[in-house]
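1. Predicted model, plus sequence, below.
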Amino acid sequence: MALSLEDVKRIAMLARLSVTEAEAEQALGELNGVFALIEQMRSANTKDVEPMSHAQDVMLRLRPDAVSEPDNHDLFQSVGPQVEAGLYLVPKVIE
Amino acid sequence: MLNATLTELSQALSARKISSAELTQLFIDRAHSLNPALNAFITLDSTRSLEQARAADARIARGDAQPLTGIPIAHKDIFCTKGWLTTCGSRMLANFVAPYDAHVLERFEAVGAVVLGKTNMDEFAMGSSSETSYYGPVRNPWDTSAVPGGSSGGSACAVAARLAPAATGTDTGGSIRLPASLCGISGLKPTYGVVSRYGMIAYASSLDQGGPMAKSAADLALLLNSMAGFDLRDSTSLERAPEDYTRDLTQSVKGMRLGLPKEYFAAGLNADVARAIEAAVAQFRAMGCEIVEISLPNTELAVPAYYVLAPAEASSNLARYDGVRYGYRTSDYRDLREMYMKSRAEGFGPEVKRRILIGTYVLSHGYYDAYYLQAQRIRRLIARDFTQAFEHCDLILGPTSPSVAFDLGAKSGDPVQMYLSDIYTIGVNLAGLPGMSIPCGFGEGGRPVGLQIIGNYFDEARMLNAAHRFQIDTDWHLRMPPDVEGVRR
């Protein structure tokens, strides 16, 4: 299987990464090299093998539905690129 | 002082032979003088470090010292450190001053250890050579034309060049063990879930694990005592009774069964590395260990499966960098989508983008079963290989890396060759097992070779026991890069 230039551009759009034509072409060659490596997985017989998502098969913990975090609003927004009146500013999305 | 063990430093501090402020200043000065050549640190902040050191001195004066009180420790720049620039080696976070401490930092703070600085690393821990950092490549102190290994290369370099008595790292596919091996130091990746990931910037969450990097196994044990422990804020942190990882250090290893996976000694392993590993195995045999051959038949599938699973998780984890709440935002945009796309394109480097693209593709509609589910099934096969191997042995020994450190730039144009550097380390992450690397000799060009020791789940104390006994009978871990030789203990 080989990716096409269109695939690369589509994935880049899905990943919200802007790519130039030249970058897409370079990525195409590199990604096809990586996928040739990944394709070696096909040789494995994994019939009836249950997928393993985590190293320890433990149930995720639940916690009581209670407030546990203090309000760090100002501190956390101090590292925001554009903040005003406690809000994060972004370009207008609704006319 | 530069080559002292953590226990020796602790004793010197308790006996008031040196203050923490003096010790910290010594390492800061050394780091400042050698960092231009090595690029091990992204951030040094002597004001903050010395403030902590003076607090530690006050604590020692009160008679309230613990083993790590007053000892300066360098932290990989992946750990959020309150008030410190925390960049993860990326332009994306080049302006990010962490508003809180990672669990690991809280633990060290609680015992009065000093933050010596933040170490350089592959961008978002994605790399095997510490060349992908936005802050430039880290150099190997044994030979500055060589890479230090990655991704925790700054931490490994700092410990090897004696710019820091100890450091922290993280290991997703070998990122503690590989640089430890290539820089000739000791490093340990604990069992997944032993060290909290809270405040450790995420790459591939089901594989990421923090761990200590130091000169010796005994130092690692002391550091792990502070780093390990349950934390509610990491949903995968394990609720276990606290352990003293130093408890078995000096136990006899007579009769310990050590397994050599035949796949780790097959084609692909360089002869110079093989020789050093075989000599280390002979040393363990002379110490009374029983050597058995084992098999990990799915070893070759580990790298392909990893390069599906880790990028898939990364593409999801790194979706948070959108230029809205923190981190880099492009200066020029017309609408929200363009702001996202340009901020991410300008903020991430080429290797991070590559892995985001791979991850996005394998998770995209129509490909999930063929890639992601198949990789998860292979992950189980690899974990089973280890479970079966541990029926025949107590620990597994092998090389950490197929070669000694390669030259800077040698593999940076070929991602696949770079990815294969991790062939012996990735299986451990997929299975969630503990693994470590200790120095065991030198190969081509006088560059260090690391011996990998893999344990069963939660068997860190036994691994540290074997490593410590090896370090009692050998002196590889005491060897220092040429520049450091001659420094008085």
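-> Ah, there it is.
2. which secondary element of the chain has the worst mean pLDDT?
-> This is for chain A. One helix or strand of chain A scores below all others by mean pLDDT, DSSP states H and E: helix A:73-77, with a mean of 93.
3. Oops, wrong one, chain B.
-> helix B:368 (a mean of 91).
4. Neighbours of the closest residue to residue B:88 other than its chain neighbours, how many?
-> Among residues not flanking residue B:88 along the chain, residue B:201 sits closest, at 4.7 Å (Cβ to Cβ, 6 or more residues apart in numbering or on different chains). In this view, the C-beta of every residue, glycine as well, is placed from N, C-alpha and C. Counted with other Cβ atoms under 10 Å in any protein chain shown, the neighbours of residue B:201 add up to 26.
5. and the closest residue to chain B within chain A, how many neighbours?
-> Residue of chain A nearest chain B, by Cβ to the nearest Cβ: residue A:55 (2.1 Å). Number of residues near residue A:55 (other Cβ under 10 Å) recorded here: 23.
6. before we move on, the earlier item: check contacts around the residue nearest to residue B:88.
-> Residues counted as contacts of residue B:201 (Cβ atoms under 8 Å, 6 or more residues apart in numbering or on different chains) are B:78-80, B:86, B:88, B:93, B:124-125.
7. what's near enough to touch residue B:305?
-> A:41, B:374-375, B:378-379, B:382, B:430.
8. Mind doing that once more with 7 Å?
-> Neighbouring residues of residue B:305 by Cβ atoms under 7 Å, 6 or more residues apart in numbering or on different chains: A:41, B:375, B:378-379, B:430.
9. Most neighbours among the residues you listed, which one?
-> The contacts of residue B:305, ranked by neighbours (other Cβ under 10 Å): first place residue B:379, 31 neighbours.
10. CA atoms only: put the strand or helix carrying that residue into PDB for me.
-> Following DSSP states H and E, one finds residue B:379 within helix B:374-389. C-alpha atoms of helix B:374-389 as PDB (Å, rounded to 0.1, in the frame of the first residue of the first chain):
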ATOM      1  CA  GLN B 374      -3.700  -5.200  14.600                       C
ATOM      2  CA  ALA B 375      -1.000  -3.300  16.500                       C
ATOM      3  CA  GLN B 376      -2.900  -3.800  19.800                       C
ATOM      4  CA  ARG B 377      -3.100  -7.500  19.100                       C
ATOM      5  CA  ILE B 378       0.600  -7.700  18.400                       C
ATOM      6  CA  ARG B 379       1.100  -5.800  21.600                       C
ATOM      7  CA  ARG B 380      -0.500  -8.700  23.500                       C
ATOM      8  CA  LEU B 381       1.600 -11.200  21.600                       C
ATOM      9  CA  ILE B 382       4.700  -9.300  22.700                       C
ATOM     10  CA  ALA B 383       3.500  -9.100  26.400                       C
ATOM     11  CA  ARG B 384       2.800 -12.900  26.300                       C
ATOM     12  CA  ASP B 385       6.300 -13.600  25.000                       C
ATOM     13  CA  PHE B 386       7.700 -11.900  28.100                       C
ATOM     14  CA  THR B 387       5.300 -13.700  30.400                       C
ATOM     15  CA  GLN B 388       6.400 -17.000  29.000                       C
ATOM     16  CA  ALA B 389      10.100 -16.100  29.100                       C
END
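11. Tell me how far the least confident helix or strand of chain B lies from the chain's centre.
-> How far helix B:368 lies from its chain's middle: 30 Å, per Cα atoms, centre = their mean, to the nearest Å.
12. residues from chain A in reach of chain B?
-> A:11-12, A:14-19, A:27, A:30-31, A:33-34, A:37-38, A:40-41, A:44, A:46, A:49-56, A:60-61, A:72, A:75-76, A:78-81, A:88, A:90-91, A:93 (Cβ under 7 Å from any Cβ of the partner chain).
13. Show me where the chain has its strands.
-> Assuming you mean chain A. Counting by DSSP state E, chain A has strands at residues A:83-84, A:87-88.
14. My question was about chain B, not that one.
-> B:41-43, B:72-76, B:114-119, B:166-170, B:186-189, B:210-214, B:257-261, B:290-294, B:395-399, B:435-442, B:448-455.
15. wait, which of those is closest to residue B:17?
-> For the strands of chain B, the distance to residue B:17 is smallest for strand B:72-76, at 16.0 Å, taking Cβ to Cβ.
16. Contacts for the longest helix belonging to chain A next, please.
-> As assigned by DSSP state H, the longest helix anywhere in chain A is helix A:21-38. With Cβ under 7 Å, 6+ apart as the test, helix A:21-38 has contacts from A:1-3, A:5, A:8-9, A:12, A:19, B:303-304, B:307-308, B:354, B:357-358, B:371, B:415-416, B:419.
17. Just the ones of those in helices?
-> A:5, A:8-9, A:12, B:303-304, B:307-308, B:354, B:357-358, B:415-416, B:419.
18. who wins for neighbours among those residues?
-> residue B:308 leads those on contacts (other Cβ under 10 Å) with 29 neighbours.
19. Check residue B:487 and give its pLDDT.
-> pLDDT, residue B:487: 50.
20. Next, count neighbours for residue 29.
-> This is for chain A. By other Cβ under 10 Å, neighbour count at residue A:29 equals 10.
21. Oops, wrong one, chain B.
-> Residue B:29, neighbours per other Cβ under 10 Å, totals 12.
22. Residue B:42: which of the contacts of residue B:305 is nearest?
-> residue B:430 (29.4 Å).
23. Which pLDDT value belongs to that closest one?
-> 98.
24. and what of residue B:350?
-> For residue B:350, the model assigns a pLDDT of 96.
25. Briefly note if stretch B:202-213 comes near chain A.
-> Yes - using Cβ under 7 Å from any Cβ, stretch B:202-213 reaches chain A at residue B:206.
26. Show me the contact partners of that stretch.
-> Residues contacting stretch B:202-213 (Cβ under 7 Å, 6+ apart): A:53-55, B:104, B:124-126, B:152, B:155-156, B:159, B:166-173, B:176, B:180, B:185, B:187-190, B:192, B:195, B:197, B:200, B:220, B:223-224, B:227, B:309-310, B:313-314, B:317, B:429.
27. Among those, name the buried ones.
-> Listed as buried from the contacts of stretch B:202-213 are A:54-55, B:104, B:124-126, B:152, B:155-156, B:159, B:166-173, B:176, B:180, B:185, B:187-190, B:192, B:195, B:197, B:200, B:220, B:223-224, B:227, B:309-310, B:313-314, B:317, B:429; burial here means 16 or more other Cβ atoms under 10 Å in any protein chain shown.
28. Spatially central, which residue of chain B would that be?
-> residue B:176 (2.1 Å; Cα atoms, centre = their mean).
29. Quick check: phi and psi at that one.
-> phi -100, psi -50 (degrees, to the nearest 10).
30. For it, give me its contacts.
-> Counting by Cβ under 7 Å, 6+ apart, residue B:176 has contacts B:152, B:169-170, B:187-189, B:211, B:213.
31. just curious, which of those residues is nearest to residue B:10?
-> So of the contacts of residue B:176, ranked by how close each gets to residue B:10 (Cβ to Cβ), first place is residue B:213, at 18.0 Å.
32. Any figure for the gap between that closest one and residue B:46?
-> Per Cβ to Cβ, to the nearest Å, residue B:213 is found 22 Å from residue B:46.
33. and what of residue B:214?
-> 22 Å.
34. Get me the contact residues on the stretch 201-350 of chain B for chain A.
-> Checking the stretch 201-350 of chain B against chain A by Cβ under 7 Å from any Cβ, the hits are B:206, B:235-236, B:238, B:301, B:303-305, B:307-308, B:315, B:323-326, B:329, B:333, B:335-336, B:339-342, B:344-345.
35. Quick check: which ranges of chain B have low pLDDT?
-> Within chain B, the segments meeting pLDDT under 70 span B:484-489.
36. ok, the closest residue to residue B:164 other than its chain neighbours - how many residues close by?
-> Nearest residue to residue B:164 in three dimensions, chain neighbours excluded: residue B:74, at 3.9 Å (Cβ to Cβ, 6+ apart). Per other Cβ under 10 Å, the neighbour tally for residue B:74 reads 28.
37. tell me which residues form a beta bridge with residue B:74?
-> residue B:117, residue B:167 (DSSP bridges).
38. List the contacts of it.
-> Counted by Cβ under 7 Å, 6+ apart, residue B:74 has contacts B:116-117, B:119, B:155, B:158, B:164, B:167.
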